[in-house]
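Sequence plus the predicted model coming up.
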Amino acid sequence: MKQILIAILLFGALGLTGQSGLVDKVMVVIGDKIILHSDIEEQVKYLKAQQGSVPENARCQLLDQVIVQKVFLQQAYIDSLVVSPEEVDGQLDSRVNQILSYMGGDVTQFEAYYGKSINEVKEDFRQDIEDQIIMERMQAKSVESITVTPSEVKQFYRSIPRDSLPYFGAEVEVSEVVMKPKVNKVELQKAKEKLEKIKAQIETGKDFGELAGTFSDDPGSAKQGGDLGWVKRGELVPEFEAAVFTLNPMEYSPIVQTEYGYHLIQLIERRGNAVNARHILVKPEITSADKEIVKTKLDSIRNLIVTDSISFGRAVQKYSEDETSKSNAGRLLNPQSGVSTFEVAQLPSEVFFAIDPMEVGEVTEVLEYQLQTGEMAYRLIRLDAKSQPHQANLNDDYSKIQEAALEQKKLKEMEAWVDEKVGEMYIKIAPEYKDCEDLKKWSEHSKNY
């Protein structure tokens with residue numbers, strides 16, 4: 001049930017959660033765009049999946065929201081906004097891969113739920129995904145010049161009733177020095193020889209996809225025969241990209257070494273600066289001895305820091321191997337908010353327990369953690385700042401209040417933009433919705449010929 005819910009949440013907002021069997025009828029016409037009865041019913045299904053029930057006037061409210069979206073979409077086409085096929089492919093691949101991850105990579109379960117192959121599902125979703133990207137681009141364009149001044153931030157803050165101000169839990173800011181174990185030469189040679197044997201099997205006629213599913217150390221693509229989906233130039237590591245863009249369709253590369261290990265790559269199709277490729281990855285094993293080397297080195301760096309022989313910032317620049325945090329002087333950014341503050345509950349558990357008893361400025365012992373690639377790495381964490389639980393105020397929370405003020409101003413600007421554009425568009429709503437108070441404004445303000 002959870003996996004079906006995930007599928008609905010990822011694709012349901014587009015009105016494409018499977019075979020509905022609904023008898024369709026046009027409910028709204030906006031310029032040359034239409035909203036169907038099935039569109040609204042699928043939105044109701046989506047809402048039920050999220051909330052368990054829907055209010056009595058849900059269909060009126062949902063149709064009102066969909067009309068707003070269609071107004072943006074209609075204007076986007078009037079303004080000739082376009083989206084590239086590669087962007088659409090990227091979104092489709094991302095959503096399908098996310099659903100598959102929640103289904104344990106079970107392609108059979110995915111296809112049983114949708115009643116179609118993955119490629120057929122992608123084609124069904126293609127136009128809706130394209131429309132969604134274009135609509136969001138139009139929304140962004142309508143408010144791209146909106147900013148807030150410090151006086152507007154203060155005015156917004158003062159407009160919030162005191163008893164409605166949010167209460168923030170304890171927050172922290174942290175920095176890191178990261179080091180990754182290096183594979184020794186013996187393990188590198190073992191991995192390369194393993195891939196050479198796999199390549200030899202392909203050369204004798206064995207199926208590339210089957211071998212990828214059996215031997216590849218890339219768990220995401222291995223479940224799909226090594227298929228990486230569509231990726232654009234610049235999204236791949238340099239060595240992989242250099243190899244794949246020299247291949248002809250269905251040709252495979254020599255063995256390619258990257259930071260992830262050794263790859264055998266096969267190009268499936270190329271469209272301009274985007275490729276659909278598959279690969280077999282063999283990762284060299286990191287031994288216990290390799291891990292101990294990096295842990296010992298990090299421990300020595302920590303001793304230099306705590307004895308003031310080197311500053312933490314200098315240690316970041318000289319030793320850290322995480323380019324993202326290194327470019328920010330070692331400071332970690334919260335992936336949920338994009339800023340450097342974390343609520344303590346948002347921290348990885350090993351970081352939380354390590355810094356909980358610490359004072360600002362102190363540095364943890366060496367901590368082991370897992371990278372997004374699944375590989376292990378080690379780091380030192382410094383506690384840079386820590387706030388106590390408090391009610392929102394301008395001194396401690398200016399950036400958050402500024403962001404909220406900006407979002408409110410953008411929403412008002414979007415509403416004004418929609419009101420202006422509606423007066424230039426033809427909108428007709430079916431009689432079934434004539435009693436919806438939420439919808440009367442559309443007929444009153446639009447051109448109805």
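Great, that's in hand.

Does anything pack onto the helix or strand containing residue 239? Which helices or strands?
Using DSSP states H and E, residue 239 sits in helix 238-244. Contact here means 3 or more Cβ pairs under 8 Å, 6 or more residues apart in numbering; DSSP states H and E; on that basis helix 238-244 packs against strand 256-258, strand 261-271, strand 274-282. C-beta coordinates here come from the backbone N, C-alpha and C atoms, glycine included.

can I get the ones you listed in CSV with distance to residue 234, mean pLDDT and mean neighbour count?
Formatted as CSV, the helices and strands packed on helix 238-244 follow (distance: least, Cβ to Cβ, whole Å; pLDDT from 0 to 100; neighbours: other Cβ atoms under 10 Å):
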stretch, distance to residue 234, mean pLDDT, mean neighbour count
strand 256-258, 15, 95, 17
strand 261-271, 15, 94, 20
strand 274-282, 10, 94, 23
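
With distance to residue 347 added, can I get the ones you listed in TSV?
As requested, the helices and strands packed on helix 238-244 are exported to TSV (distance: least, Cβ to Cβ, whole Å):
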stretch	distance to residue 347
strand 256-258	31
strand 261-271	30
strand 274-282	31
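
show me where the stretch 51-200 of the chain has helices.
All helices of the stretch 51-200 of the chain, identified by DSSP state H, counting those that start in this stretch, fall at 58-78, 85-102, 107-114, 118-142, 150-159, 185-203.

hmm, back to that, quick one, which of the helices and strands packed on helix 238-244 gets closest to residue 226.
With Cβ to Cβ as the criterion, residue 226 lies closest to strand 274-282 of the helices and strands packed on helix 238-244, at 3.6 Å.

what distance separates the closest one from the middle of the whole chain?
Chain-centre distance of strand 274-282: 21 Å, with Cα atoms, centre = their mean, to the nearest Å.

who does that strand touch, helix- and strand-wise?
Counting contacts by 3+ Cβ pairs under 8 Å, 6+ apart, strand 274-282 is packed against helix 85-102, helix 185-203, helix 208-215, helix 219-222, strand 227-232, helix 238-244, strand 261-271.

pLDDT below threshold where in the stretch 101-250 of the chain?
Applying pLDDT under 70 to the stretch 101-250 of the chain flags no residue at all.

care to break this structure down by domain?
Per automatic domain parsing, the structural domains of the chain span 2-146+411-445, 170-182+287-388, 185-282.

now for the ones you listed, which one comes closest to residue 155?
Closest approach to residue 155 among the domains of the chain is made by domain 2-146+411-445 (13.4 Å; Cβ to Cβ).

which one's the longest helix in the protein?
Identified as the longest helix of the chain according to DSSP state H is helix 394-422.

Whichever helix or strand comes after that one pairs with which strands?
Using DSSP H and E, the next helix or strand after helix 394-422 towards the C-terminus is strand 427-429. Applying DSSP bridges, strand 427-429 is found paired with strand 26-30 (antiparallel).

Only C-alpha atoms, please: export the partner strand in PDB.
Extracted in PDB, the C-alpha atoms of strand 26-30 (Å, rounded to 0.1, in the frame of the first residue of the first chain):
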ATOM      1  CA  VAL A  26     -14.800  18.800 -20.600                       C
ATOM      2  CA  MET A  27     -15.400  20.800 -17.400                       C
ATOM      3  CA  VAL A  28     -13.500  24.000 -18.300                       C
ATOM      4  CA  VAL A  29     -12.100  25.600 -21.400                       C
ATOM      5  CA  ILE A  30      -9.300  28.200 -21.000                       C
END
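
For that strand, which outside residues touch it?
Strand 26-30 is contacted from outside by 34-37, 39-40, 63, 66-67, 70-71, 74, 425-430, 432-433, using Cβ atoms under 8 Å, 6 or more residues apart in numbering.

Now list the buried members of those residues.
Buried subset of the contacts of strand 26-30 (neighbour count, 16 or more other Cβ atoms under 10 Å): 35-37, 39-40, 63, 66-67, 70-71, 74, 425, 427-429, 433.

of all these, which two lie farthest apart?
Those two in the buried ones among the contacts of strand 26-30 that are separated most widely, counting by Cβ to Cβ, are 37 and 425, at 21.2 Å.

Can you give me the distance of residue 192 to residue 242?
Computed as Cβ to Cβ, to the nearest Å, the residue 192 to residue 242 distance reads 18 Å.

Over to residue 380?
Distance of residue 380 to residue 242, computed by Cβ to Cβ: 35 Å.

Between these two, which has more neighbouring residues?
Using other Cβ atoms under 10 Å as the criterion, residue 380 and residue 242 rank with residue 380 on top: 27 against 12.

Quickly find the element holding the more buried one.
Taking DSSP H and E as the criterion, residue 380 maps to strand 376-387.

With only the CA atoms kept, save the helix holding residue 239 in PDB.
Written as PDB, here are the backbone C-alpha positions of helix 238-244 (Å, rounded to 0.1, in the frame of the first residue of the first chain):
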ATOM      1  CA  PRO A 238      34.600  13.700 -16.800                       C
ATOM      2  CA  GLU A 239      36.200  10.300 -17.600                       C
ATOM      3  CA  PHE A 240      32.800   8.600 -18.100                       C
ATOM      4  CA  GLU A 241      31.500  11.500 -20.200                       C
ATOM      5  CA  ALA A 242      34.600  11.600 -22.400                       C
ATOM      6  CA  ALA A 243      34.100   7.900 -23.200                       C
ATOM      7  CA  VAL A 244      30.300   7.800 -23.700                       C
END
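
chain center to it: distance?
Distance of helix 238-244 from its chain centroid, counting by Cα atoms, centre = their mean, is 24 Å.

List the contacts of it.
The contact list for helix 238-244 (Cβ under 8 Å, 6+ apart) reads 233-234, 236, 253-254, 256-258, 263, 265, 267, 275, 277, 279.

Can you give me the buried ones in it?
Neighbour counts using 16+ other Cβ under 10 Å place 240-241, 243-244 of helix 238-244 among the buried residues.

Now for these: which two are most distant?
By the measure Cβ to Cβ, 241 and 243 form the most distant pair in these, at 7.3 Å.

ok so, going back, report all helices and strands that the longest helix of the chain contacts.
helix 58-78, helix 118-142, helix 150-159, helix 440-445.

Next, the angle helix 118-142 makes with that helix.
With axes from the mean of the first three to the mean of the last three Cα atoms, to 10 degrees applied, the angle from helix 394-422 to helix 118-142 works out at 100 degrees.

Could you check helix 394-422 and say which residues are buried?
396-397, 400-406, 409-410, 414, 417-418, 421-422.

From residue 153, how far off is residue 404?
The gap separating residue 404 from residue 153 is 9 Å, by Cβ to Cβ.

shared neighbours of those two, anything?
Here residue 404 and residue 153 have no joint contacts, going by Cβ under 8 Å, 6+ apart.

Please verify my assumption that residue 60 contacts residue 433.
Yes - between residue 60 and residue 433 there is a contact under Cβ atoms under 8 Å: 6.6 Å.

so what sits against both of these two?
Contact criterion Cβ under 8 Å, 6+ apart; residues shared by residue 60 and residue 433: residue 439.
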